[in-house]
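Asks: Based on what follows, work out the 3D shape:
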Amino acid sequence: MALGRKTRSRRRSAVPRQGRPELTRANQCWSMDFMHDALASGRMLRIFTLIDVYTRECLALRPATGFSGAAVANVLADVAEQRSLPQRIQVDNGTEFTSKALDAWAYWNKLKLDFSRPGKPGDNAHIEAFNSLVRRECLSQHWFRSLEEADSILGAWKEEYNNDRPHGSLRQMTPARCRAEANCNLDEPGPKLANRVNQRWGEEPKCHRDPTRREKPMRERGGSTPRGRSRSAPR
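Replies: Numbering: from 1, shown residues only. Below is the predicted model of the structure:
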């Protein structure tokens, strides 16, 4: 009779999760996510939500039938035309946020994408609470006949939320008033220049390329010699 062989369980190394730094001013950390809905025709509708974690201000509430990583980066670039980019943006592990296009955009703009742990929506609790508010007060109250109508209604709700709705965590101030009282220049674009992502996401943005930098030859960079050419042959 064959006996089952006992295998040792694999030991997993535990690394303590570093706590997120405490926010002290506006425009220091953003949070973004996606919501799902449908048009009257049955066509799927996705809504991109973006808030400032410190002021709870809604920075973007944009509907579309689909989003890519490049489309998300372009929405962030639109917001960056009105204010400087934050130090980090809290996101989940969705395909749009883990895409190479958004990763390249974040790299060239020198900001950090702070990913939540898989299966831990509480790591991004502020945007989850905002999404539930949008669902309860806007999406569940309207039946959108077209994408243009959804954009118009969501835009009107966004303006009311930012300017007329007091927030309990802001000492009953509206997000717009909290932003105005925050001691930082939000309306002046900072040194981070938000570049739009084209179809060729891997191409280096020209405005980030140093014109005084001289590219080293392949031999000085330590790269391999092209096939069929000896090292002694002139370039």
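
Asks: Could you list every helix and strand in contact with the longest helix along the chain?
Replies: Assignment by DSSP state H gives helix 147-164 as the longest helix of the chain. Applying 3 or more CB pairs under 8 Å, 6 or more residues apart in numbering; DSSP states H and E, one finds that helix 147-164 contacts strand 44-52, strand 58-64, helix 125-137, helix 175-181. (C-beta placed from N, C-alpha, C; glycine too.)

Asks: do that again at 6 Å, thanks
Replies: Packed against helix 147-164, as judged by 3 or more CB pairs under 6 Å, 6 or more residues apart in numbering; DSSP states H and E, are the following elements: strand 58-64, helix 175-181.

Asks: What angle do strand 44-52 and it make with each other?
Replies: 20 degrees (axes from the mean of the first three to the mean of the last three CA atoms, to 10 degrees).

Asks: and helix 147-164, average pLDDT?
Replies: For helix 147-164, the per-residue pLDDT values average out at 93.

Asks: And for stretch 89-100?
Replies: Stretch 89-100 carries an average pLDDT of 92.

Asks: Run through the protein and note the low-pLDDT ranges.
Replies: Applying pLDDT under 70 to the chain flags residues 1-18, 183-235.

Asks: and Asn124, how many residues sit next to it?
Replies: 21 (other CB atoms under 10 Å).

Asks: correct me, but it touches Arg88?
Replies: No - with contacts defined as CB atoms under 6 Å, Asn124 does not count as touching Arg88, sitting 11.9 Å away.

Asks: quick one, helices of the chain?
Replies: Using DSSP H, the helices of the chain run over 69-80, 100-108, 125-137, 147-164, 175-181, 218-221.

Asks: quick revisit: list the contacts of the longest helix of the chain.
Replies: Outside of helix 147-164, the residues that reach it under the criterion CB atoms under 6 Å, 6 or more residues apart in numbering are 57-58, 61, 63, 138, 142, 144, 174-176.

Asks: and the angle from that helix to strand 58-64?
Replies: Relative orientation of helix 147-164 with respect to strand 58-64: 170 degrees, computed using the same axes, to 10 degrees.

Asks: Tell me what angle helix 147-164 forms with helix 125-137.
Replies: Taking the same axes, to 10 degrees, helix 147-164 and helix 125-137 form an angle of 120 degrees between their directions.

Asks: begin at 183 from here
Replies: Yes, from this point I'll number from 183; that puts the last item at helix 329-346.

Asks: Show me which positions of helix 329-346 end up buried.
Replies: Judged by neighbour count (16 or more other CB atoms under 10 Å), helix 329-346 contains these buried residues: 332-333, 335-336, 339-340, 343-344.

Asks: Kindly report the same for stretch 207-225.
Replies: Those buried within stretch 207-225 under the rule 16+ other CB under 10 Å are 208-217, 219, 221.

Asks: What is the nearest of the residues you listed to Ser250?
Replies: Each of these was checked against Ser250 using CB to CB; the closest is Phe216, at 11.9 Å.

Asks: For the closest one, which non-adjacent residue is spatially closest?
Replies: Arg228 (5.6 Å; CB to CB, 6 or more residues apart in numbering).

Asks: quick one: contacts for that neighbour?
Replies: When contacts are counted by CB under 6 Å, 6+ apart, Arg228 touches 216, 246, 249.

Asks: 10 Å instead?
Replies: Contacts for Arg228 (CB atoms under 10 Å, 6 or more residues apart in numbering) come out as 216-219, 244-249, 278.

Asks: Quick check: which of the helices and strands packed on helix 329-346 is nearest to Asp296?
Replies: Shortest separation from Asp296 across these is recorded for strand 240-246, at 16.3 Å, computed as CB to CB.
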